[in-house]
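> how would this look folded up:
(one chain, ligands or ions: 1)
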Amino acid sequence: MAIDFIDLKAQQARLRPQIDSAIAAVLDHGQYILGPEVKQFESELAHFGQAEHAMGCANGTDALLLPMMAWGMPRGVAVFCPSFTYCATVEVIALLGGVPIFVDIDRETYNMCPDSLRQAIEGVKAEGKYTPWGVISVDLFGQSADYDRLTPIVREHGLKFIADSAQAFGTTLNGKQPLHYADIATTSFFPAKPLGCYGDGGAILTNDAEHLRIMRSVHMHGSGRDKYDNVRIGLNSRLDSIQAAILSQKLSIFEEEISLRNDVAKRYIDGLKSNTLRVPSVLDGVVSTWAQFTVEVPDPDALGAALREKGIPTARYYPKPVHKQTAYQDYPIGAGGLANTEDAMSQVIALPMHPYLEEDVQDRIIEEIKSAL
Ligand SMILES: Cc1ncc(COP(=O)(O)O)c(C=O)c1O
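As a prediction, this is how the structure comes out:
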């Protein structure tokens, strides 16, 4: 039987009647844009995310853009970000005319390395060409970044701090979600994300009511009090009522799904630990949502090919980090360099991971990996 990399069908089968009736309710009332489901979901999401406010938007990329636009990020400023991430983290900085400065990752967790961040900020300050403005850290593969060490550095330099939690909504560090440590936390509801919808969607979490007010305007073309007078340049970036309705159903079982993902991760770690394969590590005090289960081997393409022959899908995140990609290769690398990023990119490979991975299927995956190595 074919194995799914991420099985969305099992979850759908579990929730299908509730999802059908949630969609039917939207079709009945007809408020497809900003219907009551959006407000309802925003309030549930804020509660789950330990935030005072949540705002839905069109996708996880806009979730990064909207707070930066609402803060009025000036053109030409430096924004520090990892290269070992999905391109969107860096894209939004460049789109707004900022200068992404690439920061290295911690070699164990793949998240932003605090020492490298400090070096990058100090390097930019010493050079004097760009003014440091902000930091976007990423909670990669489901795991909270090391905010205990990152946040004091960001605060010391008086920078804005965005937690790009597109892959990790629900992760906690010392029981606190990323917003506790940053100014803004964002997420994506792309279908394959741990909390995904059936289309594109995203959200922003904040405790700042005034910033929220401006973001709400920006996500509706910069609307003001007068319907015919737009007061700022904005976007059209709203979460659909149908997606919000679906997300409310999925959120109702999300806590349990995070726990199931942790069971799957533990089984993988116990079954795969060996000298030839490196299993992922989770920082002390972190609960990961395991968006990906990433292992390292000397030849990940060979392992991927061997597993494909056995009907086991894998994926590579990220064989070409953002600083290596055509559109981004001319942006500056922070003073600390990117040695860990360069080392990890040639070894990482992600295995099938979802809350409904059955034990016998997982055992088969583990056995096939062991015999391929
Ligand atoms: C780290 C990170 N940031 C931002 C995004 C953008 O999210 P979306 O695809 O919903 O725009 C993604 C999506 O894959 C991501 O992984």
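> pull the number of nearby residues for the closest residue to P280 other than its chain neighbours.
Distance criterion CB to CB, 6 or more residues apart in numbering; nearest residue to P280, sequence neighbours excluded, is T294 at 5.6 Å. Where you see a C-beta, it was placed from the backbone N, CA and C, and this is true even at glycine. By the criterion of other CB atoms under 10 Å, T294 has 25 neighbours.
> the one 4 residues further on too?
Using other CB under 10 Å, P298 is surrounded by 12 other residues.
> touching, it and D343? I think so.
No - in this structure, P298 is not within contact of D343 by CB atoms under 8 Å, at 11.7 Å.
> which of the three states applies to M55?
strand (DSSP: H, G, I helix; E, B strand; the rest coil).
> tell me the average confidence for stretch 249-264?
The average of the pLDDT scores along stretch 249-264 is 98.
> how about that stretch: buried residues?
249-251, 254, 257-258, 261-262, 264 (16 or more other CB atoms under 10 Å).
> can you give me the strands in the stretch 201-350 of the chain?
202-206, 286-287, 293-296, 348-351 (DSSP state E, counting those that start in this stretch).
> deepest of these, which one?
Stretch with highest mean neighbour count among the strands of the stretch 201-350 of the chain: strand 202-206 (a mean of 28; mean count of other CB atoms under 10 Å).
> so which elements touch it?
Using 3 or more CB pairs under 8 Å, 6 or more residues apart in numbering; DSSP states H and E, the elements in contact with strand 202-206 are helix 36-48, strand 53-57, helix 60-70, strand 184-188, helix 209-218.
> tell me the strands beside the helix or strand just after the third one, with direction?
It stands for helix 60-70. Counting by DSSP states H and E, the next helix or strand C-terminal to helix 60-70 is strand 78-82. Strand 78-82 sits in its sheet next to strand 99-103 (parallel), strand 132-138 (parallel), going by DSSP bridges.
> measure A54 to the ligand for me?
15 Å (CB to the nearest ligand atom, to the nearest Å).
> out of the strands of the stretch 201-350 of the chain, nearest to the ligand?
strand 202-206 (5.0 Å; CB to the nearest ligand atom).
> ok, is the closest one in contact with the ligand or not?
Yes - residues of strand 202-206 contacting the ligand under CB under 6 Å from any ligand atom: G202.
> between that strand and strand 53-57, how many degrees?
Relative orientation of strand 202-206 versus strand 53-57 (axes from the mean of the first three to the mean of the last three CA atoms, to 10 degrees): 160 degrees.
> show the contacting residues for P36.
29, 241 (CB atoms under 8 Å, 6 or more residues apart in numbering).
> for it, give me the pLDDT.
98.
> how near is it to P17?
For P36, the distance to P17 (CB to CB, to the nearest Å) stands at 20 Å.
> next one: S274
S274 is 43 Å from P17, by CB to CB.
> how about the residues of the stretch 51-200 of the chain by the ligand?
Counting by CB under 6 Å from any ligand atom, the stretch 51-200 of the chain sits next to the ligand at 59-61, 85-86, 88-89, 138, 164, 166-167, 188, 190, 200.
> I'd like those as CSV, with neighbour count and pLDDT appended.
Shown next, in CSV, are these (neighbours: other CB atoms under 10 Å; pLDDT from 0 to 100):
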residue, neighbour count, pLDDT
N59, 20, 98
G60, 26, 98
T61, 24, 98
T85, 26, 98
Y86, 19, 98
A88, 23, 98
T89, 26, 98
V138, 26, 98
D164, 30, 98
A166, 27, 98
Q167, 26, 98
S188, 31, 98
F190, 19, 98
D200, 19, 98
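> the top helix by length along the chain vs helix 36-48, what angle?
Using DSSP state H to define each element, the chain has its longest helix at helix 8-29. For helix 8-29 against helix 36-48, the angle by the same axes, to 10 degrees is 130 degrees.
> what packs against helix 8-29?
Partner elements for helix 8-29 (3+ CB pairs under 8 Å, 6+ apart): helix 36-48, helix 241-251.
> can you tell me which of the ones you listed is nearest to the ligand?
helix 241-251 (11.4 Å).
> which elements pack onto that closest one?
Contact here means 3+ CB pairs under 8 Å, 6+ apart; on that basis helix 241-251 packs against helix 8-29, helix 36-48.
> sticking with D115, tell me its helix or strand.
Here D115 is assigned to helix 114-127, by DSSP H and E.
> ok, and what's touching that helix?
So helix 114-127 is in contact with 78, 80, 101-106, 130, 132, 135, 146, 149-150, 153-154, 157, 159, 332, 334-337, 340, going by CB under 8 Å, 6+ apart.
> gap between E342 and the ligand?
From E342 to the ligand the distance is 19 Å (CB to the nearest ligand atom).
> try S259
22 Å.
> just to revisit the earlier point, let me know the angle separating the helix holding D115 from strand 132-138.
Using the same axes, to 10 degrees, one finds that helix 114-127 and strand 132-138 are set 160 degrees apart in direction.
> quick one: average pLDDT of helix 114-127?
98.
> show me which residues of it are buried.
Buried residues in helix 114-127, defined by neighbour count with 16+ other CB under 10 Å: 114, 116-124.
> next: stretch 99-119.
99-106, 109-114, 116-119.
> return the most buried member of the helices and strands packed on helix 8-29.
Highest mean neighbour count of the helices and strands packed on helix 8-29: helix 241-251, a mean of 24 (counted as mean count of other CB under 10 Å).
> how about the contacts made by the closest residue to N230 other than its chain neighbours?
Leaving aside its sequence neighbours, N230 sits nearest to G222 (CB to CB, 6+ apart; 4.5 Å). Residues near G222 by CB under 8 Å, 6+ apart: 230-234.
> could you do V79 as well?
By CB under 8 Å, 6+ apart, the neighbours of V79 are 73, 93, 98-101, 133-136.
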